[in-house]
Each structure stands twice: as structure tokens, then as C-alpha cells.
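K.L.:
I would like the atomic coordinates for the input below:
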Amino acid sequence: MEPADTLILGPLVVTMGAEERILDTGAVAVRDGEIVAVGTREELEGCEAAETIDATGRLLMPGLVNAHTHLGDSLFRGLVEELPLEAWLERLWISEREFVSRESVELGARLSIVEMIRSGTTCALDMFWFPEAAADAAVGAGFRLVTGPIFFDFDGPDGVSVEERVATGERWLERYAQEPLVTPCVQPHNQLTVSPEGLRAARDLADRAGALFHTHCSETATEVRQTVERFGRTPAAHFHELGILDERTVLAHCVHLSDDDFARIRRAGAAVLHNPLSNLKLGSGIAPVARMLEEDIPVALGTDGPVSSNDLDMWTAMRFAGLLQRGAHMDPVLTPARDIVRMATTIGAEALGLGDRVGRLAEGYRADLILIDLDRPHLTPMYDVYGHLVYTVGRDDIRSVMVDGRWVMRDRGLETIDEAAVLADMTDLASVIDRHAAALDRA
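P.N.:
Down below sits the predicted model:
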């Protein structure tokens, strides 16, 4: 083998590859951002490398994939609380119109990326205003991001009119088409905020660009009721009738599905992006994930935005994804831990159109990986690796993170982003946002 850039020796390796091998004393070699060898320490120890890391006592696995979030909303974390989704959105959008700008969204995205890197997430799907701001923040931080133009039936804080959405989206997709760390998608908010004509226009744009199509679907009972009242059908049925539901469609939430909706989503080959934390916090309900898995609907895992779940911690999302189904159905064998880890790695990558590049530790895949400290009281002993990953490991256990072959965090020190500067800038802006929100509340 040609010399590697990085050789990691000695960790417990959880590959999540086709055979899902677990190597007790493994090794991984990386060259030019790509995994070039995965094996035992004995097999790879003699390989030449520019850097060799002794990772004995650690666990090496693919980086986590946060399949649905709104990074810029870290600007408003905790600002709006104790409201149902519809009223919550109305109140949040007041602050967004006042404070969302190209600069503030990039700051919010950078803060969210810091949080995700520190917790072992290496890839996320982001829907927010000024997607170029999040894309640039991700590229600067060496973080992998799926994002792209958004669609609404009103003029948003980005200054783009409804009539300009398609043309603006075309320019955006062309601008980022060759950026290795940015995967494009087209993102209408949902069927109540985007007209049938707008949904079709968004889908046509995605088709022309070969991009992912991402929208919210059946998040609350109120949303479903209003959709039926307006269109005479459920959100999933609406998407089906419009011809925009297929294998390149990813649907966030899907908490309230009819029997026919399950069949529509399964036949279309669409994926569901499950967000248990925000669904619970906003009182939206518990998504029927156990049934989705029974019906072979791909389910990826997300945190939702830091203003709706207040957290971008995928380990907590993994834990709740497993526990909720077992508790709701009073069945302790539902949602096995291995399936939950798949949702956060391989299935997440596949849902986002990246299944041939990330989500596994396998030769030919990009080197998006994390090292977890195991020499901790709460991780000792370990009998079941997948059970530990879902129900015991937490974000503070993440030691180092690599994206595309580049260390973005080493020994808990960030390598690509000035965390102190981000925190200082956010603190300054938050004081202004807080004063504005207080004035609104008094009024």
C-alpha cells in the first residue's frame, strides 16, 4: 500500500460497513481524505504513514449524520418556549424578521457547527434562510453540509420574493455545484407555507440539478387537519398527487401518518427524518418509527433546530429514538440499538444521497470519523457495543473528529474554527435579541 497520511492504530473499530464488522483491536488508514484500508492492528501496523496515532482505549466509528436541523436558529435558542408549534412559529418568525441577515445566519451556523463537531457529528442537513451563509460556514470549518435554496409563499428576511425563488435557487445551486463539502438540496418549507405551484417549481428545480428534495411533513395533528381542510388530503397524499414524492424526497417528522400514507411513502422510496427531541418538546407527538421500520421505510435521525429541541446532540436523539418506541408500545425489543446507530450513520448518509461516500468505515469512503474515549467510569465495562453507543455514550466522550481526512477536532481542541470568537460574537448579538424580545412581550 502507498504511504498513508494518517494511520490510526489500536481502537475498537465499529465499521458500520456492509458486514458491520467490529474489530476489537483495529486500524484505519487515510490518504487524500479517503479511507484506504480497514483491518486489524496486526494487519496494518507496518504501513508507512505521515502520522501514526495510537488510539488504544478508544472507539473509532463513522461520524454521526444529523439528517434534519436549522443551524441558524441557534441565534434564538430558548427565546420562545411553552407554545404549540403553530403559535411558536409565529412568535419565532417575528424575531427572525428582525435579526436574520447574511451575517447573523453565518454566525448562528458557526456556533451550531462548533456544537456538532464537539459532539461527534460530521454531516448535517440544514434548512434555513441564507443557505449560502451556512454553506460558507461549513466550508470554512471543514464540516460536511447538505443545504440549498428554500421556498416560502411570502417574502422572507433574505429579501427574496416569491417570484424570485426559482432564479435565486438556480444561481445558488450553480455556485455550490463543485464544492466537495456541500451537497445541494431544494427545500420548500411545507405544503401549508408553499402553494402547489411553488412545490412543483421547487421539485422541477431539484430535478434539473439532480438535487435532494427536502420538506416537512405531518409534524403536528393541526398541520394535518389544516391540510385536509385546504386540499382534501393528507400532506403525504398531497405530495403524491403533485408528483413530488419519490426516492429523492426526504420528509422531516412524519409524526401523524394515515395507513395510506405509510404505503405511499414506502412505494415512493422516500425517507423519513425522525426528530424525537423536538417532537416531544413541542408536544407534537411520537412518530410511529417502529411501524416505519416494519414497513421498510428508511428512517434517518435528526435533532431539528436548536430553537425547537434546544440541542444538537445526536447521542440524546439516539437514546430517545430507542426509548420512545419501547415505552409507547410497551415492548423492550423494538428499535434495537444497532438499528438506532444505523439511523445516525449509514441510513442518514443514504437518505441524504451520500451513502456511497460517508456513514461507513470502508475502503473508498471519505474519512469522516470520530474517536471516543472508553476509559471512563460510565463506559466501563462494555459488553454490548451498540447498546453502549445508544444508551451510554455522550457528547463529552468525543475526543477527536475528522471530516474528509482533516482533523477538525483533536484531543478536544478545535482545529478549524475560533470557538472563543464565535461565543463572544453570539453573546453580544444575544443581548440585543433579548432586549427586543422583552419589548415585544411588554407590548
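
K.L.:
shaky segments in the protein?
P.N.:
Across the chain, the stretches falling below the confidence threshold (pLDDT under 70) are 443.

K.L.:
Centre-most residue in it?
P.N.:
Residue closest to the average C-alpha location in the chain (Cα atoms, centre = their mean): N66, at 2.0 Å.

K.L.:
Now do the phi/psi pair for it.
P.N.:
phi -90, psi 100 (degrees, to the nearest 10).

K.L.:
If it is in a bridge, with which residues?
P.N.:
Beta bridges link N66 to A124, judged by DSSP bridges.

K.L.:
Surely H68 is in contact with S308?
P.N.:
No - under the criterion of Cβ atoms under 8 Å, H68 is not in contact with S308, lying 10.4 Å apart. Where you see a C-beta, it was placed from the backbone N, CA and C, and this is true even at glycine.

K.L.:
More neighbours: which of those two?
P.N.:
H68 (29 against 26; other Cβ atoms under 10 Å).

K.L.:
What are the buried residues along stretch 221-241?
P.N.:
223-224, 227, 231, 233-240 (16 or more other Cβ atoms under 10 Å).

K.L.:
Out of the residues you listed, list just those in strands.
P.N.:
Restricting these to those inside strands, with DSSP state E as the criterion, leaves an empty set.

K.L.:
can you list the domains in the protein?
P.N.:
For the chain, the domain assignment from automatic domain parsing gives the residue ranges 4-62+360-411, 64-351.

K.L.:
just the helices in the stretch 301-443 of the chain please.
P.N.:
Per DSSP state H, counting those that start in this stretch, the stretch 301-443 of the chain carries helices over the ranges 314-329, 337-344, 346-351, 385-391, 419-442.

K.L.:
Need the winner for burial among these.
P.N.:
When you average the neighbours per residue for each of the helices of the stretch 301-443 of the chain (mean count of other Cβ atoms under 10 Å), helix 346-351 leads with a mean of 25.

K.L.:
Does that helix pack against any helices or strands, and if so which?
P.N.:
For helix 346-351, the packing partners by 3 or more Cβ pairs under 8 Å, 6 or more residues apart in numbering; DSSP states H and E come out as strand 64-69, strand 271-274, strand 299-301.

K.L.:
need these in a markdown table with distance to L7, can you?
P.N.:
Conversion of the helices and strands packed on helix 346-351 to a markdown table gives the following (distance: least, Cβ to Cβ, whole Å):
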| stretch | distance to L7 |
| --- | --- |
| strand 64-69 | 23 |
| strand 271-274 | 35 |
| strand 299-301 | 31 |
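
K.L.:
Nearest to D404, out of those?
P.N.:
strand 64-69 (14.0 Å; Cβ to Cβ).

K.L.:
ok and the helix or strand following the closest one relative to helix 419-442, angle-wise?
P.N.:
Proceeding C-terminally, strand 64-69 gives way to helix 85-99 as the next helix or strand, assigned by DSSP states H and E. Between helix 85-99 and helix 419-442, the angle comes out at 110 degrees (axes from the mean of the first three to the mean of the last three Cα atoms, to 10 degrees).
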